[in-house]
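> Below are the sequence and a predicted model; questions follow.
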Amino acid sequence: MVGVLASFGRIIPKEILNFPQKGILNIHPSLLPKYRGSSPVQTAILNGDKETGVTIIKLDEEVDHGPILAKIKEEIKENETTQSVYQRLFSLGSEKLLKILPDYLIGKADLQEQDHTKATFTKKLTRDSGKVDWQKSDLENESFIRAMFPWPGAWTQTNINKRLKILSAHIEKGKLVLDKVQLEGKNTVTFKQFEEGYPEAKFI
């Protein structure tokens, strides 16, 4: 028996790790040992990485620390969000896992220890992590909005005492242009519609 885990984000207790005879395999959306932790795709987009990937490991008692069964590189395409990258990586990881699982179960899989000296770690995000810093450049904030979608979501406080969630944006002639937004308790609208409905609104 073998366990399979993906996108869990917590350390598995030892008694559960050891329960399946063949351990637990994990599909992790980064090229380990780079970007261990709970926000690897968000971090890759924020850092402007052009490449990421998916790694299948056998879990041990440390975060994303176990030996590697397989690793697949994948491009981060222009204007991608965390959602689109995650979906593709987990699809690739699932397909790869199905191919290597038979050899793993009969003890023929080649497990490679990670180079722990090269490990980097990502931060655990909270709802407040999505607050836009308007002191940063427009390019940085455009990447930030894509990285925070769909969770925790990029947002800004307004002078009408409600948060405005920024769902999508783009760069046009070097400037950040907001596309779709959602005011707390309201439906998603275009930014133009928001401005028309709340002409007094300002970001703070």
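In hand now; what should we look at?

> switch to C-alpha atoms for all contacts and neighbour counts from now on
Noted.

> From the centroid of this structure, which residue is nearest?
Val41 (3.2 Å; C-alpha atoms, centre = their mean).

> Verify the stated contact: that residue with Pro29.
Yes - with contacts counted by C-alpha atoms under 8 Å, Val41 reaches Pro29, the gap being 6.8 Å.

> any shared contact partners between these two?
52, 86 (C-alpha atoms under 8 Å, 6 or more residues apart in numbering).

> where do the helices sit along the protein?
Under the criterion DSSP state H, the chain contains helices at 14-17, 40-46, 82-105, 138-147, 191-197.

> re the thing from before, what about the nearest residue to the residue nearest to the centre of the chain once chain neighbours are set aside, neighbour count?
Leaving aside its chain neighbours, Val41 sits nearest to Thr82 (5.9 Å; criterion: C-alpha to C-alpha, 6 or more residues apart in numbering). Thr82 has 23 neighbours, counted by other C-alpha atoms under 10 Å.

> Highest mean neighbour count out of the helices of the chain?
helix 40-46 (a mean of 23; mean count of other C-alpha atoms under 10 Å).

> Okay, strands next: where are they in the protein?
Using DSSP state E, the strands of the chain run over 3-6, 24-28, 51-58, 68-75, 154-157, 163-172, 175-183, 188-190.

> Can you tell me what sits against the last one?
Outside strand 188-190, the residues that touch it by C-alpha under 8 Å, 6+ apart are 179-182.

> what does the first one give?
With contacts defined as C-alpha under 8 Å, 6+ apart, strand 3-6 is touched by 20, 22-28.

> Output that strand as PDB, restricted to C-alpha atoms.
Only the C-alpha atoms of strand 3-6 are listed here, as PDB (Å, rounded to 0.1, in the frame of the first residue of the first chain):
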ATOM      1  CA  GLY A   3      -0.300   6.900   0.000                       C
ATOM      2  CA  VAL A   4      -0.400   9.900  -2.400                       C
ATOM      3  CA  LEU A   5      -0.600  13.500  -1.300                       C
ATOM      4  CA  ALA A   6      -0.800  16.800  -3.200                       C
END
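
> Mean confidence (pLDDT) on that strand, please.
Mean pLDDT, strand 3-6: 88.

> Parallel or antiparallel, which strands does it pair with?
Using DSSP bridges, strand 3-6 pairs in its sheet with strand 24-28 (parallel).

> Over the partner strand, what's the mean pLDDT, rounded is fine.
Averaging pLDDT residue by residue across strand 24-28 gives 96.

> what is the orientation angle of it with helix 82-105?
150 degrees (axes from the mean of the first three to the mean of the last three C-alpha atoms, to 10 degrees).

> Figure out how far strand 24-28 is from the centre of its chain.
Relative to its chain's centre, strand 24-28 lies at 16 Å (C-alpha atoms, centre = their mean, to the nearest Å).

> Break the chain into its domains for me.
What automatic domain parsing lists as the domains of the chain is 3-118, 127-197.

> Mind putting those domains into CSV with distance to Phe203?
Shown next, in CSV, are those (distance: least, C-alpha to C-alpha, whole Å):
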stretch, distance to Phe203
domain 3-118, 22
domain 127-197, 5
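
> If anything else comes up later, I'll come back, but that's it for now.
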